[in-house]
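Colleague: mind looking at a prediction? Sequence and model below.
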Amino acid sequence: MSFITDPLVYYPISGILWFWHKIFAFLGGLLPWVNNADSNGIIWALSVIFLVVTLRIMLFWPAAKQIRFSRKMQEMQPRMKELQKRYKNDREKLAVETRKLQKSEGFNPLLGCLPMFIQIPVFLGLFHVLRSFNRMGEQFGALGMTAEETRNTGNYVFNADEVQSFLDARLFGAPLSSFISQSVEQFQAFIEPGAMLDFARWNIVVVAVPLMIVSAVTTHLNARVSLSHQSPQAAANPQAKIMNQLMLWAFPIGILVTGAFWPMAILVYMVTNNLWTLAQQYYLYEKMAKEDDAAALQRREEQKSLAPKVGVKPVKAKNARAAGSAQGSAPRAQEGSTSTIEVEGDAPSASDAEATPAGATPAPGAKPRPGQKPHAPGGQRSRPAQKASGSKPKSKKKKKKR
């Protein structure tokens with residue numbers, strides 16, 4: 001696998017670390033109080049920190065996709081359970097309906113898992129590069145080299161002189177490649193052959209233990225932030241409860257237990273990575289909460305626009321024809337309503353007489369034909385209007401035939 005991991009993972013990661021070390025060593029060389037900037041522990045620690053920051057910036061999009069993938073899974077969980085209950089005896093139908101649901105929601109499990117598969121080799125490669133500066137011993141990543149072989153063996157992009165500058169670097173008196181459980185014989189890799197040791201194990205403990213505690217606490221906080229956004233249905237799952245407890249307590253305690261076997265540079269990486277993850281989670285969850293609020297507001301505005309206006313009776317689809325005819329007769333009704341308010345005694349126009357055929361009932365509010373008494377709305381006769389002067393009143397009683 002080295003023909004794949006070396007060019008794709010180890011060399012790029014070591015190249016980023018090399019780049020930042022050259023930048024900070026150049027800047028440190030400009031400061032008069034910095035002696036031997038190439039082997040300065042603070043400069044190498046800053047190089048490791050900015051290596052982590054660079055990788056996390058590159059992996060920011062996959063991390064955001066991973067969080068959105070988890071949120072989408074939680075949203076779809078109730079409908080997935082409903083499909084499982086409905087088609088519990090038909091696995092083929094369940095698979096078809098599940099794919100339909102995923103397609104309608106724009107959910108792709110392969111793309112959702114891809115960010116995780118990208119991050120894992122990067123973090124393992126970072127761990128391997130930092131561990132490979134000291135290859136003494138038989139533990140993970142070591143090759144059983146002697147102190148002299150370790151100081152004269154390159155580490156991917158770094159040549160032997162640059163490896164020596166890393167081994168000689170001290171972070172508050174402790175070598176960056178040292179760890180608490182390391183044997184005294186392996187301490188020889190951190191000094192020139194034949195030189196006296198300039199540090200003791202307690203120097204490593206004083207620096208490593210605070211880094212272990214900070215790493216464990218930030219791991220717990222990251223788990224708490226992540227679980228606080230978990231849906232109640234997912235949290236109620238028995239398997240999820242076990243995993244939640246592991247994330248909250250087992251993983252942080254594991255860091256405290258296994259931290260004695262981690263080189264100092266790895267602890268610096270862990271602290272930086274956890275602090276970045278904590279800030280990134282707050283940012284992404286806050287951003288997604290604002291997006292959810294904006295989407296909910298847009299849905300409410302759309303519902304308001306589709307709702308009927310105040311005072312307007314909603315028209316059903318089956319009465320569309322009746323609504324269209326009512327709209328066409330509205331102007332005529334308005335004209336009739338205005339024409340009823342006239343001075344009594346006015347004679348109707350000839351156009352009105354021609355518009356209403358003989359024997360037809362005029363529309364409500366329309367002018368009566370000549371010689372026809374006005375009718376009240378609803379078919380009831382209204383009181384006759386006052387007759388003009390000079391006209392002969394008609395007798396209401398019929399004359400008896402003789």
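Modeller: Cool, got the structure.

Colleague: residue 14: neighbouring residues, count only.
Modeller: When neighbours are counted by other Cβ atoms under 10 Å, residue 14 registers 25. Just so you know, the C-beta spots here come from the backbone N, C-alpha and C atoms, and that holds for glycine as well.

Colleague: dump the residue contacts of it.
Modeller: Taking Cβ atoms under 8 Å, 6 or more residues apart in numbering as the criterion, residue 14 is in contact with 129, 155-158.

Colleague: in TSV: those residues, plus pLDDT.
Modeller: As requested, the contacts of residue 14 are exported to TSV (pLDDT from 0 to 100):
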residue	pLDDT
129	91
155	94
156	94
157	96
158	96
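
Colleague: quick one: which of these is the most crowded by neighbours?
Modeller: Top of the contacts of residue 14 by neighbour count (other Cβ under 10 Å): residue 129, with 25 neighbours.

Colleague: so which strand or helix has that one?
Modeller: In this assignment (DSSP states H and E), residue 129 forms part of helix 109-131.

Colleague: buried residues in that helix, which are they?
Modeller: For helix 109-131, a neighbour-count test (16 or more other Cβ atoms under 10 Å) marks 112, 115, 118-119, 122, 125-131 as buried.

Colleague: low pLDDT regions in this structure?
Modeller: Scanning the chain for pLDDT under 70 picks out 1, 111-112, 115, 139-141, 310-402.

Colleague: quick one on the thing from earlier: quick check, nearest of the contacts of residue 14 to residue 42?
Modeller: Nearest to residue 42 among these is residue 158, at 18.5 Å by Cβ to Cβ.

Colleague: if I pick that closest one, what's in contact with it?
Modeller: Here residue 158 is in contact with 14, 18, 133, 166 (criterion: Cβ under 8 Å, 6+ apart).

Colleague: next, the angle helix 109-131 makes with the lengthiest helix in the chain.
Modeller: Longest helix in the chain, counting residues (DSSP state H): helix 264-306. Relative orientation of helix 264-306 versus helix 109-131 (axes from the mean of the first three to the mean of the last three Cα atoms, to 10 degrees): 160 degrees.

Colleague: how far does helix 264-306 sit from its chain's centre?
Modeller: Distance, stretch centre to chain centre, for helix 264-306: 6 Å (Cα atoms, centre = their mean, to the nearest Å).

Colleague: in terms of secondary structure, what does that helix contact?
Modeller: When contacts are defined as 3 or more Cβ pairs under 8 Å, 6 or more residues apart in numbering; DSSP states H and E, helix 264-306 packs onto helix 41-58, helix 60-86, helix 109-131, helix 201-228.

Colleague: pick the most deeply packed of the ones you listed.
Modeller: Of the helices and strands packed on helix 264-306, the one with the most neighbours on average (mean count of other Cβ atoms under 10 Å) is helix 41-58, at a mean of 19.

Colleague: what does stretch 46-59 contact?
Modeller: Around stretch 46-59, the neighbours that count as contacts under Cβ under 8 Å, 6+ apart are 13, 16-17, 20-21, 24, 63, 115, 118-119, 122, 126, 130, 176, 265, 268-269, 272-273, 276-277, 280.

Colleague: now with 7 Å?
Modeller: Here stretch 46-59 makes contact (Cβ atoms under 7 Å, 6 or more residues apart in numbering) with 16-17, 20-21, 24, 118-119, 122, 126, 265, 268-269, 272-273, 276.

Colleague: top of the residues you listed by number of neighbours, please.
Modeller: Highest count within the contacts of stretch 46-59 by other Cβ under 10 Å belongs to residue 265, 29 neighbours.

Colleague: check contacts around that one.
Modeller: 48, 130, 176-177.

Colleague: turn those into JSON lines, including distance to residue 81.
Modeller: Converted to JSON lines, the contacts of residue 265 look like this (distance: Cβ to Cβ, whole Å):
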{"residue": "48", "distance to residue 81": "45"}
{"residue": "130", "distance to residue 81": "44"}
{"residue": "176", "distance to residue 81": "51"}
{"residue": "177", "distance to residue 81": "51"}
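
Colleague: looking at the residues you listed, which one is closest to residue 303?
Modeller: residue 48 (53.3 Å).

Colleague: number of residues surrounding residue 285?
Modeller: Per other Cβ under 10 Å, the neighbour tally for residue 285 reads 16.

Colleague: does it touch residue 230 like I think?
Modeller: No: the criterion here is Cβ atoms under 7 Å, and residue 285 misses it with residue 230 at 11.5 Å.

Colleague: thinking again about what came up before, pull the most distant pair out of the buried residues of helix 109-131.
Modeller: Pairwise over the buried residues of helix 109-131, using Cβ to Cβ, the maximum falls at 112 and 131, 30.9 Å.

Colleague: separation between the closest residue to residue 259 other than its chain neighbours and residue 304?
Modeller: The shortest distance from residue 259 to any non-neighbouring residue, by Cβ to Cβ, 6 or more residues apart in numbering, is to residue 212 (3.7 Å). From residue 212 across to residue 304, the span is 56 Å (Cβ to Cβ, to the nearest Å).

Colleague: re the thing from before, of the contacts of residue 14, which belong to strands?
Modeller: Using DSSP state E, no member of the contacts of residue 14 falls in strands.
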